[in-house]
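**Student:** With the input below, show me the fold.
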Amino acid sequence: MLDAVVLAGGKENKLKQYGENKALIKIKTKLMIEYVIDALFEVDEINRIVVVGPKDKLATTLKTKVYKIVEASDSILQNLIKGIEAIEGTDKILVVSSDIPMVTPKAIKDFLELTRHKDADLYYPIISKEDNDKKFPGVKRTYVKLKDGTFTGGNLFLLKPRIIQKCLIQAEKILANRKKPWRIAKILGWMFVIKLLLGTLDIAQLEKRASKVLGIKVLGIKSSYPEIGTDVDKPSDIEIVKRYMAGKSIEG
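**Tutor:** This is a model prediction of the structure:
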């Protein structure tokens, strides 16, 4: 058994015409975050679910579905720490963003199964461009070209909570500079970044570098479920979700 933390902070929101917090955007009959919570609720391996977000606004909707709701701050990393601190006595925590309403219990179960017999401190899903294009044709994602293929990242990950303090300083640096490529390059190393841009790295090399930078063991987990990597970030994404849920084509 493991526990889950759902992050629903909402400081960086490109969908403010729909509201201040995109987790509260209503899609069809439910809030966006409800689709995520309902998917987690159907996964037998998951015990407690903690949500970090606007407590007052989520309490009425989620109070019977989750273990605890914690008030969010403006920091992603601090919200993660708040979520972890709200759960005691757990060896592993599944951290999930609140903006992947197309995620399914099957996709989550598959990811957890892929991590079961692998030893790491942090497990991060990667999805191939081929799988993404097959499931969601026409949906644009940010990809990285590697020797193993072309991949995008997921919006959930599994970690051992004890490692947070160990990698806190470096994680804060990376998050603070995530929109400043030259500073990220300084942290990762210029030669590493050049090789990454040239597409000459493989997954094992990325794992090794991430592990060294963070001071923990990181593993990339190949998932064939694009639902865990397809988030809602702009108005067109909401329309894609609506069409997908209605069983209509989302191509284009």
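**Student:** ok, now how distant is residue 156 from residue 223?
**Tutor:** Distance, residue 156 to residue 223, using Cβ to Cβ, to the nearest Å: 10 Å. (Each C-beta comes from the backbone N, C-alpha and C, glycine too.)
**Student:** what do those two both touch?
**Tutor:** 111, 125 (Cβ atoms under 8 Å, 6 or more residues apart in numbering).
**Student:** And the two? Which one has more around it.
**Tutor:** More crowded of residue 156 and residue 223, by other Cβ atoms under 10 Å: residue 156, with 27 against 23.
**Student:** show me what contacts that one?
**Tutor:** Taking Cβ under 8 Å, 6+ apart, we find residue 156 in contact with 94, 95, 96, 97, 100, 103, 108, 111, 125, 228.
**Student:** Let's see that with 7 Å instead.
**Tutor:** 94, 95, 96, 97, 125, 228 (Cβ atoms under 7 Å, 6 or more residues apart in numbering).
**Student:** how about the strands in the chain?
**Tutor:** In the chain, the strands defined using DSSP state E lie at 2-7, 26-27, 30-31, 46-53, 68-71, 93-97, 122-128, 144-146, 149-153, 156-159, 218-223.
**Student:** shaky segments in this protein?
**Tutor:** Within the chain, the segments meeting pLDDT under 70 span 10-20, 177-179, 181, 248-252.
**Student:** Kindly recompute the last result at 80.
**Tutor:** Applying pLDDT under 80 to the chain picks out residues 10-20, 138, 174-185, 247-252.
**Student:** returning to what we had before: adding distance to residue 204, write the strands of the chain out as TSV.
**Tutor:** Output for these, formatted as TSV (distance: least, Cβ to Cβ, whole Å):
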stretch	distance to residue 204
strand 2-7	26
strand 26-27	38
strand 30-31	40
strand 46-53	29
strand 68-71	36
strand 93-97	23
strand 122-128	12
strand 144-146	10
strand 149-153	13
strand 156-159	18
strand 218-223	9
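**Student:** For residue 192, which of those strands is the nearest?
**Tutor:** Closest to residue 192 of the strands of the chain, according to Cβ to Cβ: strand 144-146, at 12.5 Å.
**Student:** what about that closest one, distance to the chain center?
**Tutor:** 19 Å (Cα atoms, centre = their mean, to the nearest Å).
**Student:** for stretch 106-115, same thing?
**Tutor:** Computed by Cα atoms, centre = their mean, the separation of stretch 106-115 from the middle of its chain amounts to 14 Å.
**Student:** which outside residues touch it?
**Tutor:** Against stretch 106-115 from outside (Cβ under 7 Å, 6+ apart): 39, 40, 43, 45, 123, 125, 158, 221, 223, 225, 227, 228.
**Student:** ok, the first one touching residue 101?
**Tutor:** In this case it means residue 39. No. Residue 39 is beyond contact range of residue 101, at 8.8 Å (criterion: Cβ atoms under 7 Å).
**Student:** contacting residues around residue 121?
**Tutor:** 159, 160, 163, 216, 217, 218.
**Student:** Neighbour count and distance to residue 202 for those residues - can I get that in TSV?
**Tutor:** Putting these into TSV (neighbours: other Cβ atoms under 10 Å; distance: Cβ to Cβ, whole Å) gives the following:
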residue	neighbour count	distance to residue 202
159	22	23
160	16	25
163	18	24
216	20	20
217	17	17
218	22	14
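**Student:** which one among the residues you listed gets closest to residue 190?
**Tutor:** residue 218 (20.6 Å).
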